[in-house]
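*Asks:* 3D, please:
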Amino acid sequence: MGKYFVGRKVQLLTEESDEKIRIHELELLLPEFGHMPCINREAFTFILAEEGDVQCQVNQEKVDLQEKEALFINAGQSYRLVSSKKENSHFYIMEISGEYLAAKDESLMEKYISVIAASEDFPWCRFQPSEEEDTDEDILLQALFAAAQTAKGRDMAYELDMKSWMFTAWGSLYKKFVELAPSCKNAVIRERAKLNRMTGYLGEHCNEKLTLAGMAEACQVSTGDFCRFFKKHMEMTPFEYLQKCRIWNSMDAVLEKAASMGEIAAANGFAGASYFSETFRKEMGCSPADYRKWYGNLEKECPVTAAINKKEEKPQPVKAAEKEKVGKNVPSYLL
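*Replies:* So this is what the prediction gives:
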């Protein structure tokens, strides 16, 4: 997943082949990435702000994560990282599967993991340092940051140490879950469940030819309700979200170079290569080819960043007040 982050110094700290846990370290996040939705259907996500801050949006709710705080995002939730405002921002994104924690222990999975994944009233939870000592929140924060540092250091038997820290963090998360679950309101729960059905269906079927009527029927709502509810909570239309999901799903193929642009377009629900490239440029700020070249050499300037810098360097038109300062004898066509 980290290959889709548009930022500085993106680094995968865990093994590339390990799909059960992924820890990415990155610095400044560019705002353009905030337009790309992320959905982890099987994995749980923790976002840790070591320095600076980052703004996130989980489903319809915006969360400002401050320095030394963490955000838990439940499996199956739609989220996006909107922006990091400070130049020295530094944070981690951790994705873990239930299988990583429980292995093949079914009783552990059912009692402590599946119950959280299945909860519709626990889509996310923010953890902040406490003024008191040894609170569950502090224990979770310390364990998560320790796990990230362990993955980064890769000392002998680091995998065992990292898993131990993650068990500690999950224990604190479970206690928080038990504490908060009864206080959630039924109306909020129903809205979240409804939105999850919509985003889930679009994400799972984004490579197919979908119609508004078909999407609404699958989610058991009218077409009008589908559009109004989706736009209210996601701040975009269902088809805009659908296009973002298609671009998101195409990125592995774009980077792997095994298929042509036409084949990638067809596999992801686009009418042709030109329309795919046009949509990709609109969403990511660069062409698929430019993105592929940049990812092959991360030391180069990101094409999205380059486009932003180029816009900022454009000369601004001279205002009337500034013209007067130049002098009355200068012809207007020289100003």
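*Asks:* Poorly predicted segments of the protein, please.
*Replies:* Per-residue confidence for the chain (pLDDT under 70) gives these ranges: 1-9, 28-41, 83-87, 181-189, 295-335.
*Asks:* quick check: domain ranges of it?
*Replies:* Segmentation of the chain into domains, based on automatic domain parsing, reads 2-184, 187-312.
*Asks:* Including mean neighbour count, could those domains go into CSV?
*Replies:* Using the backbone N, CA and C atoms, a C-beta is placed for each residue, glycine as well. Putting the domains of the chain into CSV (neighbours: other Cβ atoms under 10 Å) gives the following:
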stretch, mean neighbour count
domain 2-184, 17
domain 187-312, 16
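*Asks:* so where do the helices sit in the stretch 151-300 of the chain?
*Replies:* Under the criterion DSSP state H, counting those that start in this stretch, the stretch 151-300 of the chain contains helices at 158-180, 186-204, 212-218, 223-234, 238-256, 261-267, 273-284, 288-296.
*Asks:* Same list (those helices) but as CSV, adding distance to residue 146.
*Replies:* Formatted as CSV, the helices of the stretch 151-300 of the chain follow (distance: least, Cβ to Cβ, whole Å):
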stretch, distance to residue 146
helix 158-180, 5
helix 186-204, 31
helix 212-218, 43
helix 223-234, 35
helix 238-256, 31
helix 261-267, 40
helix 273-284, 34
helix 288-296, 30
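*Asks:* what about the ones you listed, which gets the closest to residue 14?
*Replies:* Comparing the helices of the stretch 151-300 of the chain by their distance to residue 14 (Cβ to Cβ), the top pick is helix 158-180, with 8.0 Å.
*Asks:* Could you list the residues in contact with the closest one?
*Replies:* Residues outside helix 158-180 that contact it (Cβ atoms under 8 Å, 6 or more residues apart in numbering): 21, 46, 72, 96, 100-101, 112-113, 115-116, 119, 122, 125, 127, 136-137, 139-140, 143-144, 146-147, 150-151, 155.
*Asks:* Just those residues: which are in strands?
*Replies:* Applying DSSP state E to the contacts of helix 158-180, the entries found in strands are 21, 46, 72, 96, 125, 127.
*Asks:* Skipping its backbone neighbours, what lies nearest the third one in space?
*Replies:* Spelled out, that is residue 72. Once flanking residues are discounted, residue 72 sits nearest to residue 125: 4.6 Å by Cβ to Cβ, 6 or more residues apart in numbering.
*Asks:* could you measure the one you found against residue 197, distance?
*Replies:* In this view, residue 125 and residue 197 are 22 Å apart by Cβ to Cβ, to the nearest Å.
*Asks:* Likewise for residue 10?
*Replies:* On the measure of Cβ to Cβ, residue 10 and residue 197 end up 32 Å apart.
*Asks:* now swap in residue 82 and tell me
*Replies:* Between residue 82 and residue 197 the distance is 24 Å, computed by Cβ to Cβ.
*Asks:* now do residue 128
*Replies:* Noted for residue 128: a distance of 31 Å to residue 197, by Cβ to Cβ.
*Asks:* got it, and residue 288?
*Replies:* According to Cβ to Cβ, residue 288 and residue 197 sit 31 Å apart.
*Asks:* Residue 205 now?
*Replies:* 12 Å.
*Asks:* Repeat that for residue 240.
*Replies:* 18 Å.
*Asks:* do the same with residue 19
*Replies:* Distance of residue 19 to residue 197, given as Cβ to Cβ: 26 Å.
*Asks:* before we move on, what about residue 163?
*Replies:* Applying Cβ to Cβ to residue 163 and residue 197 gives a distance of 34 Å.
*Asks:* Residue 68 now?
*Replies:* Separation of residue 68 from residue 197 (Cβ to Cβ): 35 Å.
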